[in-house]
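In: Structure of the sequence below:
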Amino acid sequence: VGKITLDEWLQGTDALRISSLPILATALRELDDLVIKNKEPVKRSFSSTASVSRRAGAGTTKTHELYNRSRYLDYAQEADRAFRELYQFCFTLSKPPQSRNMDMETAIALWSVLLSTRYPIISDITTFLNESSAYRGANKDIWNMVYEFCRTIHPSLDNYEEDAAWPTLLDNFVSWKRGKSLDGAGS
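Out: Okay, the predicted model is just below:
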């Protein structure tokens with residue numbers, strides 16, 4: 001599993017001008033809402049002390065944000081790109097060093113967090129993987145193809161094409177889900 005060094009942490013918090021845990025919590029919540037939960041970007045908000053000084057000061061227009069939102073605003077311009085970058089970063093950060101795969105338990109946990117808000121079909125995929133012991137890990141191809149599958153295939157699987165070039169894991173998932181649908185219809 002990847003690590004963030006103290007120097008990297010200090011560099012990041014300094015660049016964002018994060019000076020306290022509550023401000024860090026705000027920054028993370030706003031980023032989570034934008035990138036993971038796919039919500040609308042927040043409007044520029046200023047700290048309460050800046051708002052007061054703006055109102056109280058005659059002709060004073062000096063304001064400051066709670067933290068440096070320039071990176072956030074860049075992400076807000078292209079939230080889908082930001083999500084893809086985060087998705088790729090999570091694979092790199094979560095797999096063991098020198099390994100090409102992450103264990104399936106970690107992949108399932110990350111898929112549940114990263115994809116469930118945007119793509120409800122991931123819930124069925126993770127259920128399938130939890131019920132199956134055939135898959136022990138996810139390489140970069142599987143990691144990327146699961147995202148692409150969730151992004152393009154409807155939860156009903158009505159646009160799934162048998163002859164498409166999906167990995168065996170996803171073909172087996174489709175067979176499993178269709179089999180469950182038939183079992184449920186016949187009961």
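In: Check which helix or strand residue 102 maps to.
Out: Using DSSP states H and E, the element containing residue 102 is strand 101-103.
In: need the helices for the chain, in chain order.
Out: Counting by DSSP state H, the chain has helices at residues 6-15, 21-31, 48-56, 70-77, 79-94, 104-115, 121-131, 140-152, 168-186.
In: Reformat the ones you listed as JSON lines; add mean pLDDT, mean neighbour count and distance to residue 37.
Out: Every residue, glycine included, has its C-beta placed from N, CA and C. As requested, these are arranged in JSON lines below (pLDDT from 0 to 100; neighbours: other Cβ atoms under 10 Å; distance: least, Cβ to Cβ, whole Å):
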{"stretch": "helix 6-15", "mean pLDDT": "90", "mean neighbour count": "11", "distance to residue 37": "22"}
{"stretch": "helix 21-31", "mean pLDDT": "92", "mean neighbour count": "14", "distance to residue 37": "10"}
{"stretch": "helix 48-56", "mean pLDDT": "40", "mean neighbour count": "11", "distance to residue 37": "25"}
{"stretch": "helix 70-77", "mean pLDDT": "90", "mean neighbour count": "15", "distance to residue 37": "13"}
{"stretch": "helix 79-94", "mean pLDDT": "93", "mean neighbour count": "15", "distance to residue 37": "10"}
{"stretch": "helix 104-115", "mean pLDDT": "96", "mean neighbour count": "18", "distance to residue 37": "11"}
{"stretch": "helix 121-131", "mean pLDDT": "96", "mean neighbour count": "17", "distance to residue 37": "14"}
{"stretch": "helix 140-152", "mean pLDDT": "97", "mean neighbour count": "17", "distance to residue 37": "15"}
{"stretch": "helix 168-186", "mean pLDDT": "86", "mean neighbour count": "14", "distance to residue 37": "25"}
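In: how close does the residue nearest the centre of the chain get to residue 180?
Out: When the chain is reduced to its mean C-alpha position, the nearest residue by Cα atoms, centre = their mean turns out to be residue 114, at 3.5 Å. Using Cβ to Cβ, to the nearest Å, one gets 24 Å for the distance from residue 114 to residue 180.
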